[in-house]
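Q: after the sequence you'll find the predicted model.
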Amino acid sequence: MTVRAVLWDIDDTLFDYTGSDRSGLAGHLEAEGLSAAYGSAAQALALWREITERQWARFEAGAVDFQGQRRDRVREFLREPVLGDAAADAWFDRYVAHYRAAWALFPDALPALDALAASHRHGVLSNSSYANQDPKLRALGLRDRFEVLVCAAELGLAKPDAGSFRAACEALGLPPGEVAYVGDRLDVDAEGARDAGLLGVWLDREGPAEAVVPGGVHRIRGLAELPGVLAMDTRFGAGSPFR
């Protein structure tokens, strides 16, 4: 089956979420007078990311809603478990202002989208919310590149649930076998897509040169390799040379 469309992850795939988060959190803590409260900027970021992963997992499991996981991230990070909703929202909003000021695409994002613009349709499947990702894509000048924007918060399903990938394919009006999914996480993105019947592409920018890649998954080290993978589409034949 020919791949006719690409579904994209956004954060740490096209958009440098980690770099923006690092810069935004550092600026926010300085403005809040908290720079010395966590030992160092690196320690503060490590704690913030650890808390984010844990609270996001609760959201993905349906234990808390999108706004709730944000509030709980703030309470845990500040070590203030009884912090009110309004105060937690205000703190998070101030952080977001610094985070947004640091937004940037990866250098290979636009060239990859340009290279595939004429040959493939494009959409987004994100484990975030539409209210969060739509403004981000518009600010980065990408929203018009994508026919559909499907997000977990509104869908009620999160990657790697096969239903989330299939819902995004349905939004494109294509069967999963004609769609590739590109993301930076092996389990949530590439393996989840593969198990839902899509072509799973794992963007592993910083991993070791030699890595064990599960069957049915294509590993790329940068987005410049993606057109070659889509052109070959070796899901049902020999292994990809990009693995």
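A: That came in fine, so what should we check first?

Q: hmm, who's touching the helix or strand hosting A90?
A: Here A90, judged by DSSP states H and E, is contained in helix 85-101. Residues outside helix 85-101 that contact it (C-beta atoms under 8 Å, 6 or more residues apart in numbering) are 20-21, 23-25, 27-28, 31-32, 67, 70-71, 73-75, 78, 83, 139. For the C-beta atoms, the positions are set from N, CA and C on the backbone; glycine is no exception.

Q: can you flag the buried ones in these?
A: Buried subset of those (neighbour count, 16 or more other C-beta atoms under 10 Å): 20-21, 23-25, 27-28, 67, 70-71, 73-75, 83.

Q: next structured bit after the longest helix seen in the chain?
A: Ranked by residue count under DSSP state H, the longest helix found in the chain is helix 41-60. Beyond helix 41-60 on the C-terminal side, the first helix or strand identified by DSSP H and E is helix 66-78.

Q: pLDDT below threshold where in this structure?
A: 233-243 (pLDDT under 70).

Q: domains in it, by residue range?
A: 5-16+104-232, 18-101 (automatic domain parsing).

Q: okay, these, which one's buried deepest?
A: Ranked by mean neighbour count, these are led by domain 5-16+104-232 with a mean of 19 (mean count of other C-beta atoms under 10 Å).

Q: for that one, measure first residue to last.
A: End-to-end span of domain 5-16+104-232 (C-alpha to C-alpha, to the nearest Å): 14 Å.
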